[in-house]
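> Dropping a prediction and its sequence here:
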Amino acid sequence: MAARPMVHRVEVARAITMIAKRRTKVDDRHRDRLPDSEDSDPREVLDYLRKYSAPPIPLWVLQADVCDALTLNNWLWWEDRRRELHFLKAGRERGLFLSQLGAQVGVGKQGVIDRIDRLEALLRYDRPDEKLSRAARQAARVAQERRPAQIRWIEQHRCALMGLAAAIVAQAEHYQLPDEEREWIDELAVDAGDAAWTPATMAVMSLAAAELRTAPAIVGLDSRRPHAVHLILQKVDEVRSRFAALGNGS
């Protein structure tokens with residue numbers, strides 16, 4: 001099974017903000033119950049969406065909510081992996097027997113060791129740079145030697161990444177996304193134009209894809225047949241999954 005796409009904390013904040021903006025427009029009955037600050041607990045936001053997603057909420061809002069909800073869910077999946085690794089290692093450091101730890105996660109002694117190894121491999125490259133400004137991404141290129149697997153993968157797939165970036169920008173133009181809905185798409189266009197691809201740029205591409213995926217013009221498309229934009233977004237998801245799997249032995 002492929003690793004889930006990495007999710008940057010900025011993507012989480014954006015998803016919460018976009019959900020809040022949409023619900024402000026259409027839900028005057030329950031909007032005050034939605035946690036809407038950028039640092040809100042994603043679980044509480046997901047609980048809200050599960051509870052308050054019935055008519056008369058418009059279909060396009062519900063569809064966009066699903067896309068942003070899955071971003072939040074992916075973030076939580078990675079957080080759960082980090083948390084489990086922390087406590088498994090803490091248990092060993094604090095002198096617990098492997099059998100005691102294994103009983104809590106349903107594996108034997110060797111299973112605990114294997115589980116720690118797999119989680120460490122999975123999480124080795126799971127955090128892109130926390131700052132996504134262009135200056136920070138330029139600084140990240142100076143530190144490429146610290147992330148050899150990521151850098152090597154990006155170099156090997158540079159042409160495909162550039163093509164995907166150009167396709168995202170082209171679709172934003174085609175569907176005439178307004179400026180306020182394409183902040184990260186424009187950032188991606190600049191990076192692609194500079195050929196300045198780093199691991200942080202992969203996070204920028206994720207944010208750009210999220211902007212495109214949840215734009216009203218896109219979620220309003222006839223879902224009975226795939227459009228070009230859907231195929232492009234699918235390719236972006238595949239690339240993100242492959243990038244996330246670096247160091248996972250897959």
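On my side now, so go ahead. Residues are numbered from 1 along each chain as shown.
> C-alpha from now on. contacts and neighbour counts both.
Noted.
> mind checking which helix or strand of the chain has the lowest mean pLDDT?
helix 134-142 (a mean of 49; mean pLDDT, DSSP states H and E).
> and the protein, what are its domains?
Domain assignment for the chain by automatic domain parsing gives 9-123, 134-244.
> quick one: contacts of stretch 14-30?
Stretch 14-30 is contacted by residues 31, 34, 36-38, 40, 42, 45, 52, 57-58, 61, 65, 68-69, 71-72 when judged by C-alpha atoms under 8 Å, 6 or more residues apart in numbering.
> pLDDT (mean, whole number) over it?
Mean per-residue pLDDT for stretch 14-30: 88.
> Find the residue ranges of the protein scoring beneath the pLDDT cut-off.
1-3, 125-147, 223, 247-250 (pLDDT under 70).
> For the longest helix along the chain, enumerate the helices and strands it packs against.
The longest helix of the chain (DSSP state H) is helix 59-93. If you count contacts as 3 or more C-alpha pairs under 8 Å, 6 or more residues apart in numbering; DSSP states H and E, helix 59-93 packs onto helix 9-26, helix 42-51, helix 98-105, helix 109-123, helix 199-213, helix 216-219.
> buried ones in that helix?
Buried residues in helix 59-93, counting neighbours by 16 or more other C-alpha atoms under 10 Å, are found at 60-69, 71-76, 78, 82, 84-85, 88.
> Could you look over the helices and strands packed on helix 59-93 and pick the most buried one?
The highest average neighbour count among the helices and strands packed on helix 59-93, using mean count of other C-alpha atoms under 10 Å, belongs to helix 199-213 at a mean of 24.
> What is that one packed up against?
helix 59-93, helix 134-142, helix 148-156, helix 158-174, helix 183-194, helix 228-244.
> okay if I get the ones you listed as JSON lines plus distance to Met6?
Shown next, in JSON lines, are these (distance: least, C-alpha to C-alpha, whole Å):
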{"stretch": "helix 59-93", "distance to Met6": "7"}
{"stretch": "helix 134-142", "distance to Met6": "17"}
{"stretch": "helix 148-156", "distance to Met6": "13"}
{"stretch": "helix 158-174", "distance to Met6": "16"}
{"stretch": "helix 183-194", "distance to Met6": "17"}
{"stretch": "helix 228-244", "distance to Met6": "6"}
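> And those: which comes nearest Ala203?
helix 228-244 (8.9 Å; C-alpha to C-alpha).
> from the chain's centre, how far out does the closest one sit?
Mean-position distance between helix 228-244 and its chain equals 12 Å (C-alpha atoms, centre = their mean, to the nearest Å).
> next one: stretch 66-78
For stretch 66-78 - counting by C-alpha atoms, centre = their mean - the centre lies 7 Å from the chain centre.
> again, but for stretch 159-167
That offset, for stretch 159-167, works out to 18 Å (C-alpha atoms, centre = their mean).
> If you count neighbours, what's buried in it?
Buried-residue list, stretch 159-167, by 16+ other C-alpha under 10 Å: 161-162, 164-167.
> can I get these in a markdown table with distance to Glu180?
A markdown table is the format used below for those (distance: C-alpha to C-alpha, whole Å):
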| residue | distance to Glu180 |
| --- | --- |
| Leu161 | 24 |
| Met162 | 23 |
| Leu164 | 22 |
| Ala165 | 19 |
| Ala166 | 19 |
| Ala167 | 19 |
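> can you tell me which two in those are farthest apart?
Spatial extent of these (C-alpha to C-alpha) is set by the pair Leu161 and Ala167 at 9.8 Å.
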